[in-house]
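> Provide a 3D model corresponding to the input given below.
(6 chains)
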Number of protein chains: 6
Amino acid sequence: MRADGRQNDQLRDMKITPHYIKHAEGSVLIEVGETKVICTASIEERVPPFMKGQGKGWVTAEYSMLPRATQVRNQREAARGKLGGRTMEIQRLIGRALRSVVSLEALGERSVTLDCDVIQADGGTRTTSITGAFVAMALAMQKLVDNGKLKSLPITDYLASVSVGIVGGRPLLDLMYTEDSQAHVDMNVVMTGDGKFVEVQGTGEEASFSREELDSLLALAEGGIATMIEEQRKALGHVSALIGTGARA
Amino acid sequence: MRADGRQNDQLRDMKITPHYIKHAEGSVLIEVGETKVICTASIEERVPPFMKGQGKGWVTAEYSMLPRATQVRNQREAARGKLGGRTMEIQRLIGRALRSVVSLEALGERSVTLDCDVIQADGGTRTTSITGAFVAMALAMQKLVDNGKLKSLPITDYLASVSVGIVGGRPLLDLMYTEDSQAHVDMNVVMTGDGKFVEVQGTGEEASFSREELDSLLALAEGGIATMIEEQRKALGHVSALIGTGARA
Amino acid sequence: MRADGRQNDQLRDMKITPHYIKHAEGSVLIEVGETKVICTASIEERVPPFMKGQGKGWVTAEYSMLPRATQVRNQREAARGKLGGRTMEIQRLIGRALRSVVSLEALGERSVTLDCDVIQADGGTRTTSITGAFVAMALAMQKLVDNGKLKSLPITDYLASVSVGIVGGRPLLDLMYTEDSQAHVDMNVVMTGDGKFVEVQGTGEEASFSREELDSLLALAEGGIATMIEEQRKALGHVSALIGTGARA
Amino acid sequence: MRADGRQNDQLRDMKITPHYIKHAEGSVLIEVGETKVICTASIEERVPPFMKGQGKGWVTAEYSMLPRATQVRNQREAARGKLGGRTMEIQRLIGRALRSVVSLEALGERSVTLDCDVIQADGGTRTTSITGAFVAMALAMQKLVDNGKLKSLPITDYLASVSVGIVGGRPLLDLMYTEDSQAHVDMNVVMTGDGKFVEVQGTGEEASFSREELDSLLALAEGGIATMIEEQRKALGHVSALIGTGARA
Amino acid sequence: MRADGRQNDQLRDMKITPHYIKHAEGSVLIEVGETKVICTASIEERVPPFMKGQGKGWVTAEYSMLPRATQVRNQREAARGKLGGRTMEIQRLIGRALRSVVSLEALGERSVTLDCDVIQADGGTRTTSITGAFVAMALAMQKLVDNGKLKSLPITDYLASVSVGIVGGRPLLDLMYTEDSQAHVDMNVVMTGDGKFVEVQGTGEEASFSREELDSLLALAEGGIATMIEEQRKALGHVSALIGTGARA
Amino acid sequence: MRADGRQNDQLRDMKITPHYIKHAEGSVLIEVGETKVICTASIEERVPPFMKGQGKGWVTAEYSMLPRATQVRNQREAARGKLGGRTMEIQRLIGRALRSVVSLEALGERSVTLDCDVIQADGGTRTTSITGAFVAMALAMQKLVDNGKLKSLPITDYLASVSVGIVGGRPLLDLMYTEDSQAHVDMNVVMTGDGKFVEVQGTGEEASFSREELDSLLALAEGGIATMIEEQRKALGHVSALIGTGARA
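Residues are numbered from 1 along each chain as shown, chains lettered A, B, ... in the order given. This next block holds a predicted model:
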């Protein structure tokens, strides 16, 4: 039995509150167990310099934790004057993952910035950020459709993410902090609605893992992500049916 | 009539949710109209180098806004690599204000860091931060009493803050963003439970103001702060009666 | 009696040397007691990006202290790689105060940068900077009139600043360092030639103050600023009569 | 056929020159096709603050490219004043991978810094850095054994890394730059001498990949890494036989 | 004839005002023509980490220009967040030069920081800084003798500096800005009281110079420095006779 | 006898490998004794902002050392977030020296960046960088001629550099690290093919030197540089004959 009574292949309770921040074009509060992340999607009618003049859009992400999202207070990166390696790695991952289900051509020369701010952390903040940011992004892009700026939603498929790991020899789905800190192998998986992989990042810090272990973790992730996408559908309401329709056409 | 139907001397609706972040020693979500700030108080058993060996504690504050707390997205200070002047000014103000009602001797050689993170902004973020941070600080310090680390709460009095300003010739209490952006005079006032001033910062950008205008603004602030302190009392529950008792003894 | 023999409502000796730095469009050395500040006004025929295309000018300020302006050497902010919060707060105050007596429309699309460099500090460096920068600014703007770039001086009124505070229970005008470091309440006041307020910043660090104390400090400041403006008139010579004439027309 | 005539499952020519930099405790020049990396291992008799007093050592890595290692000159990170996200991600990966085959207990309270400086880049710079850094690290640690500071080599197994990817629908081993820039899926794999995984990082930028594709890439990587470890053995000479002996004992 | 009527081998008017800044242990305002530099010497009873425990002192320098010391306003290095290459080069030069006439052993474990702040620039700011800093340093060190902390002045000889250059084919002494900007060869020379060289830095930007030209410039510098040292003697008053006596004993 | 058996006026063995880095327009590996520097020349068809619209080109340099180029590992400047004073001084020197033999008019509106990366250091890294960068620059500029972008090589003369110094009373040519660290006087000299000086930088840290010593060092440098230019000619092959022909015409 896990500390919170879950089965090995069971997700934590998950709740997505859409339209959480009034100023943003799209926003959610996503809660996965005790992990809570505010995800906002901001649309600007311009692209970064390296994308100019290509008739394509851009999707990028930023990630941060409030100083007291964690058990011990963390110094702000703004106070230190620079982003840490972990932050950079995570925000590159979030942006890359979301771009894999967006037709940048269909989006046109505008950019979407996904801000993922962890207000309380209990493991899985990066995967929760991806899952929440997807919903915020879809809500913001649908606003472009509603305003007549886009003909259809430029999102090709659903996208969600979960962590899996091997703790005390057992493969577990959706690690909370106490599990994560004991895991010998830790893997973050990002998958699409049609069951394909977008990112597989498996790491054995001071440890290695076999092909069989890898296979068992991938199977757990697959199951968890399918459940998560169901939650995304509920949060998206009528927008849920439009994912994949326009961009695929 | 004001845009949201308030009287000139009327505060916005105000709500303080205590214990909002589980990891922090003290925390609140404070909502004043559409302005929402997460305030956490973190206690560490050490003081900054310049305070060492004096047998006294320290109270300091940090302030930040999520990039999409505002109508237009703001670049993160962590990404720019430095804190802006406005942020520094605000966090110096918050720390200074809160220290005025703490007995640093009674606190002993430990420090309290107040993190004020604005998740949605609609005017008055610095004054709301002070009002919320006071409650988070009291909750955290009471935990030190409950744990036997302190004999009594080292807080000498209540403390709250409000903005006032002159908009279209009328003195108004508790400006929301649309009012603030049209104000000719803008004043932030911090007061204690016994009706004394801790900070008075009145500014006429591209304008000046008379002594009579100054007097009318101070009167408005006085009334608003008294109401705010009532809300702080409710949020503090049984801790509310302990403010001022120990430190004054 | 005060340490230097002054009355409670007496300013220190004050001396303004105009045209102190030959390269600047306007400059002064201002000495208030032992506090000495070089103020230069630099005019550039362009405005910052956020002001472009509005047909208006801009006035901004920078403030710094030489490392050995103080009793103990301070590390240079250039060496530390960033401006401190105190510096940012002060330079924002100086710029804001001076803009309150300039018609930015009359100035046209050009900018004035006021550099206030404290070469020796003995209390009141920010208020002395404002008082000196006003003269440097007027001299520089008059040069624009003399060169035919402006029809009249775009300055609507005089502006000066002084510090007041409560030390050992007594309200005092124009604090020197030893007084400032013992003050329970410290207030910086900026006023115009017609006796209106532009900034009122009263602070009780680890202390609070009553309405009566506030009133007594404001009265002291009012008297001191009127005297300071007389000194500004002398330093400005024939330019003194032109303040307020053009911009009001 | 690939552009350089290789088979899909064929590595580029690989050459490891040990003792390339005279000052370093261990060093190699590693060349994989046209990719050339200088790897040095520096030993210091102290550990970073977070590791102090645990009786364990630390292994960390830094990665950089000369500005003209690439076709178009890249600005130096030292000139920009900060490390980019890509650099941080890579140096975290290298350090983490190498720690997985080191017994930090057996190493004792000392640290090994692996500097990987790419002097010419043609794809696979991060995997080449790992493969080369392993040899530099082994040479440096053996010097500790030779000097009597360690009883045996604290390395538990071989470690090497290769990139694989899907280009034009074909799974390819050891991508060079022109292949890498066209790949729809790009995967970096780190494995040990006994055929276990240490890192699996598969990414589909603007694309996704199936489970079958993932399996085919892992199989290619497995073969390539076994060959690479043979080259490491040759470069290590008599040290090659000592890998895994001491730490396992 | 030179623009200001000087002979080719004639220095500009030079004036050294000692004790210019009251807080510093030693200070001067040095004026060489229109170039004006405030030099302060600050003594601290500790040395930088790399000098600890050697029983020796340290002398270092910092250099800066006020933004409007020059014809066109320069951005502050503190605002840019880093020191420029020119500043670093100059402050390294000043520190190195002054250390050459100090017995660090005799100084003992304390450090002297020389701050050279150019308030008005008209060529020769680095050489003027050296000449002025020498006097400020001697005054500060004599205070250590007067306070009984040192038995004698730890300065082995006088030290001064001048610029020379070839302008329009003519070797000139002590270049002012208009000359400096046209010079094909520019040389800064630092010499001691006994006529030896401490620094010779000759530069031909987009030009080269012959051995004969080099010789003529060195001869000019030698004459100018001897005159400068006479001015230093006058400014030092009774301290002038103590230079070289203690340290040589 | 010197530690490596050389005569006082003898250079170390010197080897220049042209075309060392395939991506750069020009490149060499230069080895002078145990000092090894990779020099690349990168050509870009634009000039920095301050040179725009003048019809002239620009030549600039950057210098760095690999962390383990030295006996003790040095922290990377990219990790520290800023360039040190020594690096800035050296890269300014290299750029200035090379510009003295380039006709910027003949080069046209393009820029050449010389990157000098020291991979192993044993004294004389800045002088070796200049000598190597000259060859890399000539190779890159000849490519512009070969491509028809320039009619002839815009280089007016050869340029090389060597260090000289006084060690134990003896003037020595081409100091290696152990000599350099004991030198009382250290001088870097840059000269052209026709025997003129471009830079003479003589420094006596904690020491001074006489005119006779200066003369003896200049004589040693002159001999060494002539020999170095012979090595440059060999490395340049058929390009060697073109130096000075076009630009002088």
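> Rounded mean pLDDT for the lengthiest helix in chain A, please.
Ranked by residue count, the top helix of chain A under DSSP state H comes out as helix A:211-236. For helix A:211-236, mean pLDDT is 97.
> Give me the buried stretch members for it, please.
Under the neighbour-count criterion of 16 or more other Cβ atoms under 10 Å in any protein chain shown, helix A:211-236 has A:213-214, A:216-218, A:220-222, A:224-225, A:227-229, A:231-233, A:235-236 buried. Just so you know, the C-beta spots here come from the backbone N, C-alpha and C atoms, and that holds for glycine as well.
> just for chain A, where's the confidence low?
For chain A, residues meeting the criterion pLDDT under 70 lie at A:247-249.
> What is the longest helix of chain A packed up against?
Here helix A:211-236 touches strand A:14-18, helix A:125-146, strand A:159-167, strand A:170-173, strand A:185-192, strand A:197-203, strand D:197-203, helix D:211-236, going by 3 or more Cβ pairs under 8 Å, 6 or more residues apart in numbering or on different chains; DSSP states H and E.
> Pretty sure residue A:164 sits against residue A:183.
No. Counting by Cβ atoms under 8 Å, residue A:164 stays clear of residue A:183, with 9.2 Å between them.
> how about the residues of chain A near chain B?
Residues of chain A found near chain B (Cβ under 8 Å from any Cβ of the partner chain) are A:21-24, A:27, A:34, A:38, A:40, A:42, A:44, A:62, A:64, A:66-71, A:73, A:76-79, A:81-83, A:87, A:113, A:115, A:117, A:119-121.
> Return the distance of the residue of chain A found nearest chain C relative to residue A:65.
Nearest to chain C in chain A, going by Cβ to the nearest Cβ, is residue A:81, at a distance of 7.1 Å. Using Cβ to Cβ, to the nearest Å, residue A:81 is found at 17 Å from residue A:65.
> if I pick residue A:169, what's in contact with it?
By Cβ atoms under 8 Å, 6 or more residues apart in numbering or on different chains, the contact set of residue A:169 is empty.
> Okay, it and chain E: tell me how far apart.
48 Å (Cβ to the nearest Cβ, to the nearest Å).
> middle-most residue in chain A, spatially?
residue A:130 (0.5 Å; Cα atoms, centre = their mean).
> which residues are contacting stretch A:76-93?
A:61-64, A:67, A:116, A:125-126, A:129-130, A:188, A:190, A:199, A:201, B:62, B:64, B:76-79, B:81-83, B:87, C:81-82, D:82-86, D:88-89, D:91-92, F:81.
> distance between it and the chain's centre?
17 Å (Cα atoms, centre = their mean, to the nearest Å).
> what's the span of it from first residue to last?
For stretch A:76-93, the first-to-last residue distance is 21 Å (Cα to Cα, to the nearest Å).
> what does stretch A:9-24 give?
35 Å.
> same question, stretch A:97-115
14 Å.
> Show me which positions of the helix or strand hosting residue A:90 end up buried.
In the assignment (DSSP states H and E), residue A:90 maps to helix A:85-99. By 16+ other Cβ under 10 Å, the buried positions in helix A:85-99 come out as A:85, A:87-99.
> Residue A:176 - nearest residue in space that isn't next to it in sequence?
Leaving aside its sequence neighbours, residue A:176 sits nearest to residue A:123 (Cβ to Cβ, 6 or more residues apart in numbering or on different chains; 4.3 Å).
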